[in-house]
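Trainee: quick one, what's the 3D model for this:
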Amino acid sequence: MKIVIATDKFKGSATGSEVALATLRGIQAVMPEAHVVSVPVADGGEGTLQALAAAMPQLRSMHCEVAAPLPQLPPVEAHYLLDDERHTAYIELATASGLTLVPEHLRDPLKTSTLGTGVMILDAINHGARHIVLGIGGSATNDCATGILASLGFEFLDADGALVYPCGGDLSHIAHVDDSGVSQAVKDTQFTIICDVDNPLYGDNGAAHVYGPQKGASPAQVEELDQGLRHFATLMPDGIATTSGAGAAGGVGAGLMAFLNATLSPGIDAVLDCMQFDRIISDADLIITGEGRIDGQTAMGKTAAGVLRAGRKHGIPVVAICGALAADARVDEMAFDGIFSIIQQPCTLEQAMDTATCLRNVEATVKQIMKLFLSQHKL
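Mentor: Take a look at the predicted model:
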């Protein structure tokens, strides 16, 4: 019997690999003879590179020093993955331009920039990559990808022809975009953006209003950022700003679609495709997936729903484990064969999120799932 483990992180408690190992222990306690394949997965945010590296051993880990999201912060030692055969680089924006890189008291999306991510991309292109797969979760920025683009040779000019620094607070000053300094190698590169949000670029549901506050923006700054995005959108092809996902990562989605002809792909679907997940599960008897919280957003493209869709294509039972099963989780619509919360007894959130407790609960829950599965398999 073949069982595939495809678990994401339980955010704040355990990594996807740790959850997968606890799941494996639970399976082996009941079915030691089972053939188990563990495939940590992610949806394009933090942990994506780790998941890809585990599933694709041919990937090389590449390192380069890049600018931090704020100019006054020290440089960041960033890394990405390179597939030499496919000439493809896998990059996480958060590695160079992530919110966690900025101390809380310094967070200011008017000033932060994605320049460092652009340097990573350029490094990958210089090492032969002709396809960039960019996960854009966890950004500290609201610069509409101007930092990335500036590192790749674009120049942003004001009405007087002076250079504009690529940051959220200066978007409203940009009057012209000059791409004459962009190399042919960059122009020939294919860009795929992995994102798991569907926000437009600006407006009440746009990048600044929805994500600006968590990046340090005050209400007045949110309005300033939104106005900058609205202005910069006038320099883009029609329709870009309202595209689903244009507002991802402070407008990185829109900026790269507009000036590098990038395509947006739902996070988990793109990651599973990179891993050749369909091939891995084709002969499986059961798939166990999971993430920290299953709620109303899960069906919109989070990890567990993507794994479920893949399993359904092959007629394979899929069960999910989670730390929290929210009241708004559309359980019947998602049609898992079962969703199981790992919480064993009443406890505080702090107790539930303790790493050792979480992993112990994962193992105990999976044991019960396997007992049920085994009893049904014997009928």
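Trainee: so residue 89 sits right up against residue 133, yeah?
Mentor: Yes - Residue 89 is in contact with residue 133 according to CB atoms under 8 Å; the separation is 7.0 Å. All C-beta spots, glycine's among them, are computed from the backbone N, C-alpha and C.
Trainee: show me the contacts for residue 100.
Mentor: 94, 138 (CB atoms under 8 Å, 6 or more residues apart in numbering).
Trainee: kindly recompute the last result at 10 Å.
Mentor: Residue 100 makes contact with 46, 69, 94, 138, 140, according to CB atoms under 10 Å, 6 or more residues apart in numbering.
Trainee: what's the average pLDDT for the host helix or strand of residue 305?
Mentor: For residue 305, the element it lies in under DSSP states H and E is helix 303-313. Averaged over helix 303-313, pLDDT sits at 92.
Trainee: show me the shaky parts of the stretch 151-300 of the chain.
Mentor: Scanning the stretch 151-300 of the chain for pLDDT under 70 picks out 299-300.
Trainee: quick one: the strands in it?
Mentor: Secondary structure of the stretch 151-300 of the chain by DSSP state E, counting those that start in this stretch: the strands cover 155-157, 176-178, 190-195, 263-266, 286-294.
Trainee: and the angle from the longest one to helix 303-313?
Mentor: Right, strand 286-294. Relative orientation of strand 286-294 versus helix 303-313 (axes from the mean of the first three to the mean of the last three CA atoms, to 10 degrees): 150 degrees.
Trainee: use 27 as the first number for this chain going forward.
Mentor: Fine by me, first position is 27 from now on; the one you just mentioned is strand 312-320.
Trainee: okay, now the sheet partners of strand 312-320, with direction.
Mentor: Paired neighbours of strand 312-320 in the sheet (DSSP bridges): strand 28-33 (parallel), strand 344-351 (parallel).
Trainee: quick one: buried residues of the next helix or strand after the first one?
Mentor: Following the chain from strand 28-33 toward its C-terminal end, the next helix or strand by DSSP H and E is helix 42-56. Applying a neighbour-count criterion of 16 or more other CB atoms under 10 Å, the buried positions in helix 42-56 are 42-50, 52-54, 56.
Trainee: and the residues you listed as JSON lines, adding distance to residue 108 and pLDDT?
Mentor: JSON lines is the format used below for the buried residues of helix 42-56 (distance: CB to CB, whole Å; pLDDT from 0 to 100):
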{"residue": "42", "distance to residue 108": "22", "pLDDT": "86"}
{"residue": "43", "distance to residue 108": "21", "pLDDT": "86"}
{"residue": "44", "distance to residue 108": "26", "pLDDT": "92"}
{"residue": "45", "distance to residue 108": "27", "pLDDT": "94"}
{"residue": "46", "distance to residue 108": "25", "pLDDT": "93"}
{"residue": "47", "distance to residue 108": "27", "pLDDT": "95"}
{"residue": "48", "distance to residue 108": "31", "pLDDT": "97"}
{"residue": "49", "distance to residue 108": "30", "pLDDT": "97"}
{"residue": "50", "distance to residue 108": "29", "pLDDT": "97"}
{"residue": "52", "distance to residue 108": "35", "pLDDT": "97"}
{"residue": "53", "distance to residue 108": "34", "pLDDT": "97"}
{"residue": "54", "distance to residue 108": "35", "pLDDT": "97"}
{"residue": "56", "distance to residue 108": "40", "pLDDT": "96"}
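Trainee: export the residues you listed to TSV and tack on distance to residue 362?
Mentor: Below are those laid out as TSV (distance: CB to CB, whole Å):
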residue	distance to residue 362
42	18
43	22
44	22
45	17
46	18
47	22
48	19
49	15
50	20
52	17
53	18
54	23
56	20
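Trainee: of these, closest to residue 290?
Mentor: Using CB to CB, the shortest approach to residue 290 within the buried residues of helix 42-56 belongs to residue 42, at 23.2 Å.
Trainee: quick check: closest non-adjacent residue to the closest one.
Mentor: residue 66 (3.8 Å; CB to CB, 6 or more residues apart in numbering).
Trainee: which residues sit in contact with that neighbour?
Mentor: Counting by CB under 10 Å, 6+ apart, residue 66 touches 31-35, 41-47, 73-74, 76-81, 301.
Trainee: quick one: the helices in the stretch 127-276 of the chain?
Mentor: 141-152, 172-177, 210-213, 233-237, 245-259, 274-286 (DSSP state H, counting those that start in this stretch).
Trainee: which stretch of helix or strand covers residue 87?
Mentor: Following DSSP H and E, one finds residue 87 within strand 86-92.
Trainee: same for that strand, what does it pack against?
Mentor: Secondary-structure packing of strand 86-92 (3 or more CB pairs under 10 Å, 6 or more residues apart in numbering; DSSP states H and E): helix 74-81, strand 102-109, strand 114-118, helix 119-123, helix 141-152.
Trainee: residue 232 is nearest to which of these?
Mentor: Closest to residue 232 of those, according to CB to CB: helix 119-123, at 18.2 Å.
Trainee: just how off-centre is stretch 170-179 within its chain?
Mentor: 20 Å (CA atoms, centre = their mean, to the nearest Å).
Trainee: could you list every residue that touches the residue nearest to residue 92 when sequence neighbours are not counted?
Mentor: Among residues not flanking residue 92 along the chain, residue 142 sits closest, at 3.6 Å (CB to CB, 6+ apart). By CB under 10 Å, 6+ apart, the contact list for residue 142 reads 90-95, 99, 101-102, 104, 119, 121-124, 127, 167, 173-174, 177.
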